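A.B. asks: Sequence and computational prediction follow.
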Amino acid sequence: MSLNKTLVDMDYLLKEAPREKHFITGAQAMAEAVKRASVDMAIAYPITPQSEVMHLVGDIFAQGHIKEYYRAEEELGTMSAIAGAARAGVRLFTATSGPGLLRGLEAIVSWPGHRVPCVLGVLTRVVNAPLSIQPDNIEMAYLLHSGIVLLHAENQQDTFDMTLAAFAITEKVDVYIPVAVATEGFFVTHAKGYVDMTSEELAFNEPDPYAAPVPAMDNEVPPARIQRDAPVQKSNFMSYLIHSVWQQEIWDSNKRAMKYIYQYLGGPIEVQNPEADVFVLASGCAAAQAREAHRYAQEEGLSVGFIKVKAIRPFPKEEIRTALKNATTVIIPEHNIIGWLAAEVKAAIPNSGIVVDGPRVYGGMTLPVELIMEQVYMALGMKSETLQA
Amino acid sequence: MSLRYMIPVSKFKKYLPKDYVELVDYGPFGKDYSDVGVKNMGTYKELVEEHPMCSGCWMAYYIKIIFASLPNPEDTVTIGTAGCGRLAISQAAVPFIYGNYGDQNAMASGITRAFRLRFPDRHKDVITIAGDGGMMDIGFSMTMHAWFRRERFTTIMLDNEVYGNTGGQESGMSMEGAILKMSPTGKKFGKMPAMQLAITAGCVYVVKMSPTNINKASKAIRRAIFAARTLGPTFIHAYTSCNIEYSIPTNDVFRDAKEMEKGRFAFEEYMTPEAKELFAQIESKNKREVS
C-alpha cells in the first residue's frame, strides 16, 4: 500500500508547514507524529499506559503509513529486534513504559554504542513495588546514563513536536544515537489536549542508508565488512582503549544533539520572567503544573520565574546556570521520589544550596499547584494558609 | 552490489591489507560452490582462518564448516552472542553482529524483516550462531518466539553441553547428573529437547547431528539456509564438544564426536513437504553442489 505523500525536510515540517488544531490524547499525538515520519518499521509489545501508542501505530501500519509492524515476545525481544533492524538501515520506532523499559534496558543501553538510530517513546509509570500502573517518572533516571538523547514532553503538543524532531535528530551524521521522547503516562497519554498538527499528507524525508555515518550491515554500503580483526578481543589493553574512545564519542554525539534541539525545538529550556529571584524549574508534566504556579504567582502579583527543561540528555547545564545566575531559590517539583532532576540541576549550578528539593509526588499522584505555591510563599518569606494550618 | 562493493578499484588495491586482497581474489565470494565449499577447503582463501579457540576445539572446526558452506557469503550476515563461538565467528570474513546476551534471534527477526523491506527481490541470508546457553537458556524466549513467528532465517546451536566461555557451568543442554560448576551435586534434569521444540514451534527444516562428516554437515547447513529464504525458520542442533570442560584429550575429540553420533547426537533430519520439494529442485539443478 502506497500513500500519496509529499516528502519534506524537518525544518519545514516543524516550523513552516501549515497546522490545524486537533483535540487529541498524548498517545494519539505520538502516533500522529510517527505517521508523518516515514517510519519503515515499528515493533510493539503491550504495557499500560504505553499500549495505546503502539495500538495506534498498528492502525497507521494497517493504513499503509508504515511498512512493517509486529508484536514482539517481550521488551528485550522488542529492543533487540530494533537493534537488529537498525543494522539494515531502516527508520524505526517503538515505545514502552516503566517495567517494560527496565526489561528492555539491557538492549537499550547498548543502542548508543551500537550506533542504533531510532526513536523510543517512554510513557512513564511506576516501576518499583508496590507495583502500580500509575504515572511516576522514576524510570527516566535509568536512561540518564545510557548515552541516549532524552527529551521530556510537557503535554500533547510537545509529544507531537518532540517525536517528530526526534526522527530528524537521531539520524544526524554527527549524532546517530537513539532519541527517547518521554512523557507521563495517563496525565498526557490518556488525556486530551490541543495539538496543532501538520497535514498527514506531508511526511519527513525518507532515510538514506547511504548517507549514514555508520554504514548499515547490509553488504551494500562500503566499506565491506570482511576484515577479520576484531580488535576489541585482541587484548585487554586494546579492549580498554577502544571502549573508552568509543564511549567518549557516544557522549560527544549526545552533546552534539544540542544544536538540533535548538534548531527544531527552540532550545533545551523555556524561561519565563527571567528577572525573578525565585524560580520554579520542572520538566514533563511537572512543568505544566509549574507553569500554573507561575501563572498563580503572576495573578497574586508575585515575581516568580519559570523554567521548563525540555532536554534531559544532553542536559542544558550552561543554559540553566545562566538562567539561574541571580536566583536565590529554585523550586523543583517532580513526579518521582528520588528527585533526579533536582540532582541534575544541583550538579549544574555552583550554588546548589538554592535548590528546594521538591515538592515531589510519586506512585501516580497528581501534583497540585498549591504544593508548589507553598514553596513559593516560603521562599518569598510569606506564610501560606496550609503552613499556618 | 553485494559482490561489487567489496572489490577494490585496481589503483587502490595495492594499498589494502594483503588479507583483504587475498579474500577478494582467492576467497569464495561470487564463486560457484563446486569450486569452493567444504570439499575444497585448503585450496582457496577461507572465510575463517586464524581464531583464538582452544587447541582441539570441535566448535572451531564446525564454525569453519559453517562458513565454508555459505551459499552466498557476499550477502550473508551472522549474529551471535556471548560464548566461545563468537570468538571464532567474529574472525570470519562475513559481517557479524554481536548483540546482547541471548538476543540473537530477536535481532535476526528485526534485520531479516528490514532486509526484505529494502531488498524485496534479493536474498540476504541471516544466520544466528550461538551456544546452548545463548539459545536454550538466556535466549530461550527469543529463540522460540522467532520460530513461532515464522521468521525466515537460520538458527544454528553450537551445543557443547556446558557454559564453556564462563568457566564450565551447567546449562539446560547439559546431561542429567553431569557434575559441573553450579551443579555441584549433579544436574537434576535432562537435556532440553531442542529439536522437538523447534519442530513444535514451526521450523520447516531441523537437523540434529554430530558433524563428523563435513559433506553431510555442509549439506544440512546449506539446506537450512535455502529453506529459510522463502519457507520459514530452520534450525541445526550440532554437537560441538568442549574438550576443556569435559576433559577430552585433544587426540580423542574426533572419537568423542563419533561416539556421540551413535548416541544422543545420532543424525536426525526433519523437513516439511515444502522444504523437501525445495531441496529436490535445488539439488537436482546442481547435482555437483550437494553431495
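C.D. replies: That came in fine, so what should we check first?
A.B. asks: domains in chain A, as residue ranges please.
C.D. replies: When chain A is parsed with automatic domain parsing, its domains come out as A:6-211, A:270-388.
A.B. asks: just these: most buried one?
C.D. replies: Ranked by mean neighbour count, these are led by domain A:6-211 with a mean of 22 (mean count of other Cβ atoms under 10 Å in any protein chain shown). Every C-beta, even on glycine, is put in place using the N, C-alpha and C of the backbone.
A.B. asks: quick one: terminal-to-terminal distance for it?
C.D. replies: Length of domain A:6-211, first residue to last, Cα to Cα, to the nearest Å: 21 Å.
A.B. asks: Return the distance of that domain from the chain's centre.
C.D. replies: 9 Å (Cα atoms, centre = their mean, to the nearest Å).
A.B. asks: Also stretch B:103-114?
C.D. replies: The answer for stretch B:103-114 is 16 Å, by Cα atoms, centre = their mean.
A.B. asks: what is the mean pLDDT for that stretch?
C.D. replies: For stretch B:103-114, the mean per-residue pLDDT is 98.
A.B. asks: One more: stretch A:334-342?
C.D. replies: For stretch A:334-342, mean pLDDT rounds to 97.
A.B. asks: same check, this time on stretch B:225-233
C.D. replies: Taken as a whole, stretch B:225-233 has an average pLDDT of 98.
A.B. asks: that older thread, could you dump the domains of chain A to CSV with distance to A:P223?
C.D. replies: Below are the domains of chain A laid out as CSV (distance: least, Cβ to Cβ, whole Å):
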stretch, distance to A:P223
domain A:6-211, 13
domain A:270-388, 30
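A.B. asks: Which among the ones you listed is found nearest to B:P273?
C.D. replies: Closest to B:P273 of the domains of chain A, according to Cβ to Cβ: domain A:6-211, at 26.7 Å.
A.B. asks: give the contact list for the one residue in the stretch 151-291 of chain B that gets nearest to chain A.
C.D. replies: Relative to chain A, the nearest point of the stretch 151-291 of chain B is B:E151 (9.5 Å; Cβ to the nearest Cβ). B:E151 sits next to B:N105, B:A108, B:S109, B:T112, B:R113, B:G232, B:P233 when contact means Cβ atoms under 8 Å, 6 or more residues apart in numbering or on different chains.
A.B. asks: now what about the helix or strand containing A:D59, what contacts it?
C.D. replies: A:D59 belongs to helix A:51-62 when assigned by DSSP states H and E. Residues outside helix A:51-62 that contact it (Cβ under 8 Å, 6+ apart): A:25, A:27-28, A:30-31, A:34-35, A:42, A:44-46, A:66-69, A:93-95, A:121, A:123, A:189-190.
A.B. asks: got any ranges where chain A has weak pLDDT?
C.D. replies: Along chain A, the parts satisfying pLDDT under 70 run over A:1-2, A:227-235, A:384-389.
A.B. asks: near chain B, which residues of it?
C.D. replies: A:40-41, A:43, A:67-68, A:70, A:72-74, A:76-78, A:80-90, A:106-107, A:110, A:209, A:217-222, A:224-228, A:230, A:233 (Cβ under 8 Å from any Cβ of the partner chain).
A.B. asks: Out of those residues, which sit inside strands?
C.D. replies: Using DSSP state E, the subset of the residues of chain A next to chain B located in strands is A:M41, A:I43, A:E68, A:Y70.
A.B. asks: Do I have it right that the third one meets B:R118?
C.D. replies: I take that to be A:E68. No. Counting by Cβ atoms under 8 Å, A:E68 stays clear of B:R118, with 10.6 Å between them.
A.B. asks: In a strand, B:I129, correct?
C.D. replies: Yes. Assigned with DSSP: H, G, I helix; E, B strand; the rest coil, B:I129 falls within a strand.
A.B. asks: what about it, how many neighbours?
C.D. replies: 30 (other Cβ atoms under 10 Å in any protein chain shown).
A.B. asks: what's the nearest residue to A:N254 if we skip its chain neighbours?
C.D. replies: Of all residues not flanking A:N254 in the chain, A:P314 sits nearest, at 5.3 Å (Cβ to Cβ, 6 or more residues apart in numbering or on different chains).
A.B. asks: Which stretches in the stretch 101-250 of chain B count as strands?
C.D. replies: In the stretch 101-250 of chain B, the strands defined using DSSP state E, counting those that start in this stretch lie at B:125-131, B:154-159, B:205-209, B:234-239.
A.B. asks: Tell me the pLDDT of the residue nearest in space to the middle of chain B.
C.D. replies: Central residue of chain B (Cα atoms, centre = their mean): B:I156, 4.1 Å from the mean position. With respect to pLDDT, B:I156 scores 98.
A.B. asks: what sits against it?
C.D. replies: So B:I156 contacts B:I66, B:I127, B:T128, B:I129, B:A130, B:I221, B:A224, B:F235, B:I236, B:A238 (Cβ under 8 Å, 6+ apart).
A.B. asks: please redo it, this time with the cut-off set to 7 Å
C.D. replies: For B:I156, the contact set (Cβ atoms under 7 Å, 6 or more residues apart in numbering or on different chains) comprises B:I66, B:I127, B:T128, B:I129, B:I236, B:A238.
A.B. asks: Count residues in the vicinity of residue 239, would you?
C.D. replies: As the question left the chain open, I've gone with chain A. Neighbour tally, A:S239, other Cβ under 10 Å: 13.
A.B. asks: wait, I meant chain B there
C.D. replies: 25.
A.B. asks: how close does it sit to B:I79?
C.D. replies: Going from B:Y239 to B:I79 by Cβ to Cβ, to the nearest Å gives 21 Å.
A.B. asks: Over to B:I138?
C.D. replies: In terms of Cβ to Cβ, B:I138 sits 15 Å off from B:I79.
A.B. asks: Tell me which of these two has more neighbours.
C.D. replies: A count of neighbours by other Cβ under 10 Å puts B:I79 above the other of B:I138 and B:I79, at 31 against 22.
A.B. asks: so the more buried one touches B:N100, yeah?
C.D. replies: No. Shown here, B:I79 and B:N100 do not form a contact pair, counting by Cβ atoms under 7 Å, at 11.1 Å.
A.B. asks: and the nearest residue to A:A323 once chain neighbours are set aside, what does it touch?
C.D. replies: Counting by Cβ to Cβ, 6+ apart, A:A323 lies nearest to A:V271, which is 5.1 Å off, once chain neighbours are set aside. Contact partners of A:V271, counting by Cβ under 7 Å, 6+ apart, are A:G305, A:I307, A:A323.
A.B. asks: quick one: contacts for the closest residue to the second one other than its chain neighbours?
C.D. replies: Leaving aside its sequence neighbours, A:I307 sits nearest to A:L281 (Cβ to Cβ, 6+ apart; 4.2 Å). Neighbour list for A:L281: A:I307, A:V309, A:V330, A:I332, A:V345 [criterion: Cβ under 7 Å, 6+ apart].
A.B. asks: Point me to the helix or strand that includes A:L281.
C.D. replies: A:L281 belongs to strand A:278-283, assigned by DSSP H and E.
A.B. asks: partner strands of that strand, parallel or antiparallel?
C.D. replies: Sheet partners assigned to strand A:278-283 using DSSP bridges are listed as strand A:304-309 (parallel), strand A:329-331 (parallel).
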